[in-house]
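Undergrad: return a 3D structure for these sequence lines:
(one chain, ligands or ions: 2)
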Amino acid sequence: MYKIAVIGGDGIGPEVVREGLKVLKKAAEIYGFEFETTEYPFGTEHYIETGELVPESVYSEYREHDAIYLGAIGDPRAEVGLVERAVIAGIRFRLDLYVNLRPIKLYSESLCPIKDKKIEDVDLMVVRENTEDVYTGLGGIMKKDTPDEVAIANMIFTRKGCEQAVRYAFELARERKKDNKVTLVDKANAIRAQDIWTRTVEEVGREYPDITHDHAYIDAACMWMVKNPEWFDVVVTTNIFGDIFTDLGAMVQGGMGIAASGNIHPGQVSMFEPIHGSAPKYKDKNVACPIAAIMAAQMMLDFLGEKKAAVAIENAVTSLLNSGKIKSLDARSGIPTSDMGDMVAAELGKIKK
Ligand code: IPM
Ligand code: MN
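TA: Numbering: from 1, shown residues only. Ligands and ions are numbered 1, 2, ... in the order given. Now for the predicted structure:
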């Protein structure tokens, strides 16, 4: 019995999570596993109503679960980033989810905005370091609102943080058996502190003689992502570069309506979420595309060891996206959120076990 903590969150979060759970339920019936959910109310509504962001006690509760499934956080009624930092970064940092794994995979040629790209051309995994860099919050603002104002955000990299992300990337490249390659995406030419990444990849790479490694500067990597996405297999990168690079990647694979992520600490409770935001203007309109949330649930099953069910969900989504029934993966698809969940669940039912 898997214990899953569910945080619907803000905007379209609860709607898309509902569809993810629908597909999970169907997968559980077919593939013979069980799960129970604990719902948590955290998000902007909860904050406005109660003044509470996230109570300290919840982290020990999270640790009693096998995984956390999150919709989206973000609402203009709260101070910029306040609730995101508390709920999302809180989970990432406090549970030490040191890898943010983001698959960039094209499921249907029709979804790719780049001409002449085939599905095999867009198939990479981004390993985004998830607990350091400018996200630690170290720094601050002094002499605010004066002509002498100073604002500092520190880009922090520890050997431990780099190494665990890099090692994860090499292991993943080995497991994938695609090009047996890890690409470090950095900006070590301008940010000399990122030399720690260069050296870590070099050193860890020696332990993986079967895996080659190269590197690309983030600006060039963005260009390659659009020009030649087929050059990537596993990408390992810093927290902020990974954040930006994967939104670009999401567009290459068909948009924010499909891109999912796992915030992972192998062997410990980990968190799965679509990479899109809360899209407040679409809240409760039943128009948001739930495929990204469904794919986040798919990643969660893979993490939990339900490999067959995970592959089946991916296949169900692939076949649906190639069926021509879904015209787009945004709010203009013409297919209600709840119908799209039904369609994936039905497709899953058709797949041979
Ligand atoms: C993401 C999001 C978050 C991030 C925000 C909501 C803090 O953009 O998961 O990619 O920057 O990591
Ligand atoms: Mn982002």
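Undergrad: ok, now which ones touch the residue nearest the centre of the chain?
TA: By C-alpha atoms, centre = their mean, the chain has its centre lying nearest to residue 261, at 2.0 Å. Going by C-beta atoms under 8 Å, 6 or more residues apart in numbering, residue 261 touches 100, 101, 102, 246, 272, 273, 274, 275, 296, 299. Any C-beta I mention is one placed from the backbone N, CA and C, and that applies to glycine too.
Undergrad: PyMOL command for the buried members of these?
TA: This is how PyMOL selects the buried members of the contacts of residue 261, with burial counted by 16 or more other C-beta atoms under 10 Å:
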select buried, resi 100+101+102+246+272+273+274+275+296+299
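Undergrad: determine which two of the contacts of residue 261 are furthest apart.
TA: Using C-beta to C-beta, the contacts of residue 261 span at most 14.7 Å, a distance reached by 246 and 272.
Undergrad: tell me which parts of this structure are close to ligand 1?
TA: Residues of the chain that fall close to ligand 1, judged by C-beta under 6 Å from any ligand atom: 84, 88, 243, 275.
Undergrad: please identify which of these is nearest to residue 8.
TA: Nearest to residue 8 among these, with distances taken as C-beta to C-beta, is residue 88, at 13.3 Å.
Undergrad: checking the closest one next. Helix, strand or coil?
TA: Put simply, residue 88 is helix when judged by DSSP: H, G, I helix; E, B strand; the rest coil.
Undergrad: need the strands for the stretch 251-353 of the chain, in chain order.
TA: Along the stretch 251-353 of the chain, the stretches classed as strands by DSSP state E, counting those that start in this stretch are 260-264, 270-274.
Undergrad: which neighbours does the last one have in its sheet, and in what orientation?
TA: Put plainly, it is strand 270-274. With DSSP bridges as the test, strand 270-274 is paired with strand 67-72 (parallel), strand 260-264 (antiparallel).
Undergrad: in PDB, list the C-alpha atoms belonging to it.
TA: Extracted as PDB, the C-alpha positions of strand 270-274 are listed here (Å, rounded to 0.1, in the frame of the first residue of the first chain):
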ATOM      1  CA  SER A 270      10.200  12.200  -3.200                       C
ATOM      2  CA  MET A 271       7.900  14.700  -4.800                       C
ATOM      3  CA  PHE A 272       6.400  14.700  -8.300                       C
ATOM      4  CA  GLU A 273       4.800  17.600 -10.100                       C
ATOM      5  CA  PRO A 274       4.100  19.000 -13.500                       C
END
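Undergrad: what's the average pLDDT for that strand?
TA: Average pLDDT, strand 270-274: 98.
Undergrad: low pLDDT regions in the chain?
TA: Residue ranges of the chain with pLDDT under 70: none are present.
Undergrad: now the farthest one out in it, which residue is it?
TA: In the chain, by C-alpha atoms, centre = their mean, residue 147 is the one farthest from centre (39.3 Å).
Undergrad: what sits against the residue of the stretch 51-200 of the chain found nearest ligand 1?
TA: Across the stretch 51-200 of the chain, no residue is closer to ligand 1 than residue 84, which sits at 4.2 Å (C-beta to the nearest ligand atom). By C-beta under 8 Å, 6+ apart, the contact set of residue 84 is 73, 74.
Undergrad: how near is it to residue 243?
TA: 12 Å (C-beta to C-beta, to the nearest Å).
Undergrad: helices of the chain, start to end?
TA: For the chain, the helices defined by DSSP state H occupy 13-31, 44-50, 58-63, 82-84, 90-94, 159-176, 195-206, 218-227, 239-252, 291-304, 307-322, 337-350.
Undergrad: right, and these - which one's nearest residue 130?
TA: Across the helices of the chain, closest to residue 130 is helix 90-94 (C-beta to C-beta), at 5.3 Å.
Undergrad: what sits up against that closest one?
TA: 54, 59, 62, 68, 70, 97, 100, 130-131, 135-136, 263, 271.
Undergrad: now stretch 225-236
TA: 104, 114, 117, 120-127, 129, 165-166, 168-170, 172-173, 176, 178-185, 201, 221, 224, 245, 248-249, 252.
Undergrad: of these, buried ones?
TA: 104, 117, 121-127, 129, 165-166, 168-170, 172-173, 176, 179-185, 201, 221, 245, 249, 252.
Undergrad: quick check: the residue of the stretch 101-250 of the chain nearest ligand 1.
TA: For the stretch 101-250 of the chain, C-beta to the nearest ligand atom, closest residue to ligand 1: residue 243, 4.4 Å.
Undergrad: return the distance of the nearest residue to that residue once chain neighbours are set aside relative to residue 101.
TA: With C-beta to C-beta, 6 or more residues apart in numbering as the criterion, residue 243 has its nearest non-adjacent residue at 6.9 Å, and that residue is residue 128. Distance from residue 128 to residue 101, counting by C-beta to C-beta: 8 Å.
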